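J.: Predicted model follows, preceded by the sequence.
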Amino acid sequence: MTDTKKHVLVVDDDADVRELLTELLTHDGYEVTAVEDGIGAMMLLKKRVPDLIILDIMMPVIDGTHLIEVIRAADNPELWQVPILICSASEKIDEVLASSEFNLAPEDCVRKPFEIADLLRRVADRTGRA
């Protein structure tokens with residue numbers, strides 16, 4: 001029996017955060033792809049649908065809220081089903097949660113700085129590994 005690793009896409013403009021999340025998730029048994037912005041994420045999402053997207057809100061060029069809109073409006077219905085975990089220090093988290101268009105609950109958001117165990121638990125919950 002083949003144990004397929006769950007694929008997590010990390011989208012964050014902070015290189016240190018990308019590196020930390022990649023290291024933590026890889027060590028926990030996930031396959032991780034990390035990109036620095038929404039453009040990189042959109043290019044990857046055309047090629048492969050991940051099991052989870054961890055997304056910062058405040059990024060240059062295409063921010064996290066715009067990327068969520070793009071994902072939810074994509075031609076690929078598989079993308080609509082991908083869980084999104086917001087990981088951000090931005091005050092915009094409250095706006096995102098208040099907006100019904102994003103369909104996110106408080107448990108879909110982790111505020112930076114985050115507790116590692118909490119983040120890993122939320123990732124496991126959303127990828128079906130809990």
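T.: That came in fine, so what should we check first?
J.: Just list the residues touching Thr65, thanks.
T.: Going by C-beta atoms under 8 Å, 6 or more residues apart in numbering, Thr65 touches 57, 92, 95-96, 102. Any C-beta I mention is one placed from the backbone N, CA and C, and that applies to glycine too.
J.: can you redo those residues as TSV with distance to Ala73?
T.: Converted to TSV, those look like this (distance: C-beta to C-beta, whole Å):
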residue	distance to Ala73
Ile57	18
Lys92	20
Glu95	19
Val96	16
Phe102	12
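J.: and which of those is nearest to Ile71?
T.: Minimum distance to Ile71 across these is 10.1 Å, recorded for Phe102 (C-beta to C-beta).
J.: tell me the SS of that closest one?
T.: On the three-state scheme (DSSP: H, G, I helix; E, B strand; the rest coil), Phe102 is labelled coil.
J.: Any buried residues in the helix or strand bottoming out on mean pLDDT in the chain, and which?
T.: Least confident helix or strand of the chain, by mean pLDDT, DSSP states H and E, is helix 92-98 with a mean of 86. Residues of helix 92-98 classed as buried by neighbour count (16 or more other C-beta atoms under 10 Å): 93, 96.
J.: Please compute how far it lies from its chain's middle.
T.: Taking C-alpha atoms, centre = their mean, to the nearest Å, the mean C-alpha location of helix 92-98 is offset from the chain mean by 15 Å.
J.: Need the contact partners of it.
T.: Counting by C-beta under 8 Å, 6+ apart, residues outside helix 92-98 touching it are 57-58, 64-65, 68, 86, 102, 104-106, 109, 111.
J.: Break down this structure into its helices, ranges please.
T.: Assigned by DSSP state H, the helices in the chain fall at 15-27, 38-47, 64-72, 77-80, 92-98, 116-127.
J.: show me the contacts for the most centrally placed residue in the chain.
T.: For the chain, the residue nearest the mean C-alpha position is Ile54 (1.5 Å; C-alpha atoms, centre = their mean). The contact partners of Ile54, by C-beta under 8 Å, 6+ apart, come to 8-12, 21, 85, 87, 123.
J.: Brilliant, that's me finished.
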